[in-house]
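S.K.: The sequence and its predicted three-dimensional model are supplied below.
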Amino acid sequence: MKEIQVLSSDCYLGKLADVDDGISSFTHIAKVRYEGKQLRFHVKLFSDYKQLNNEITAYILARLDGQPVPEHACIIKINKDDIVSAFPNIEAKGDAYAWATNTISGKTPNTYFKEGTKEIELALKSLAKIDGIASLIAFDNLIANQDRNTGNIILSGDLAKFWIFDHDQSPFKPDWTHQDLDPNSDTFCKLTAAIYPNGLPVSIRSLVVDAAKAHGANLANMLDHTLTWWQHLLTPDEVKALGDFYKNRALCSESRLLKKMNLLC
């Protein structure tokens, strides 16, 4: 898998625009020098390193699980002056590291259409039929992502493809503690409720469970790619707690979803 690079502050070439959707005050589109090219990236600043770790972990697991995420991802240092320039209303205490992924051609359902209109209903119905949506539901359950909504999934202009982003609230919440990491806890998916307002069809439920069957066997290999980041960003106790959480959650992924979907083994 392509490594997540750490870029110096001279690779941050300035803010281009505010984000179209979402309420995060610390996300914007910027020009970034990446692998010798000047590219547009979504850049997201965090108040602590645990949220940054959440993004890195979920991105790596998503790539290895075959989920549609942006191709390029990096950690970029942004100096204090550039932070103030991008966010004039915040008091920057110093330089900071941000999470950055290349921008995708497309928009979130929220920015295509206004909530409550027939057009957004069409977009959500199209999303429900795209190959991979069942796998995404299983993946979000695995990483305990309770923030997947119509503002953090990108649809292509022809409504035939999607990409996912924004994972700082997994597992469970941005500032999770050891006590939060219960591998058997269920999660509520806002996106699922939006695109299947009458409940998941039985055919989709079966596909969700099928996607979860590989989690137990595959996660150990996946976590090999996250450990170095955890050791840099978390305490040793947090590293152990998070590793135990994901391993145990993956092992019971199929049975947890069978129960959630009211399906028999």
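M.R.: Nice, thanks for sending it over.
S.K.: helices and strands of the protein: which one has the lowest mean pLDDT?
M.R.: Every helix and strand in the chain was compared by mean pLDDT, DSSP states H and E; the lowest is helix 109-112, with a mean of 74.
S.K.: Report all helices and strands that it contacts.
M.R.: Here helix 109-112 touches helix 118-129, strand 153-155, going by 3 or more C-beta pairs under 8 Å, 6 or more residues apart in numbering; DSSP states H and E. The C-beta positions use only the backbone N, C-alpha and C, and glycine is treated the same way.
S.K.: Can you list the neighbours in contact with the first one?
M.R.: I take that to be helix 118-129. 109-110, 112-114, 133, 150, 153, 155, 159-160, 162, 194-196 (C-beta atoms under 8 Å, 6 or more residues apart in numbering).
S.K.: looking at the helices and strands packed on helix 109-112, which is closest to Ala92?
M.R.: strand 153-155 (29.0 Å; C-beta to C-beta).
S.K.: Give me the mean pLDDT for that closest one.
M.R.: Throughout strand 153-155, pLDDT has a mean value of 91.
S.K.: Would you map the strands across the protein?
M.R.: 5-7, 12-18, 27-34, 37-45, 73-78, 96-102, 153-155, 162-164 (DSSP state E).
S.K.: Name every strand pairing with the last one and say which way it goes.
M.R.: The reference is to strand 162-164. Here strand 162-164 is paired, per DSSP bridges, with strand 153-155 (antiparallel).
S.K.: Just the buried residues of the partner strand, please?
M.R.: Buried residues in strand 153-155, counted by 16 or more other C-beta atoms under 10 Å: Ile153, Ile154, Leu155.
S.K.: In JSON lines: the residues you listed, plus distance to His232.
M.R.: Formatted as JSON lines, the buried residues of strand 153-155 follow (distance: C-beta to C-beta, whole Å):
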{"residue": "Ile153", "distance to His232": "29"}
{"residue": "Ile154", "distance to His232": "29"}
{"residue": "Leu155", "distance to His232": "34"}
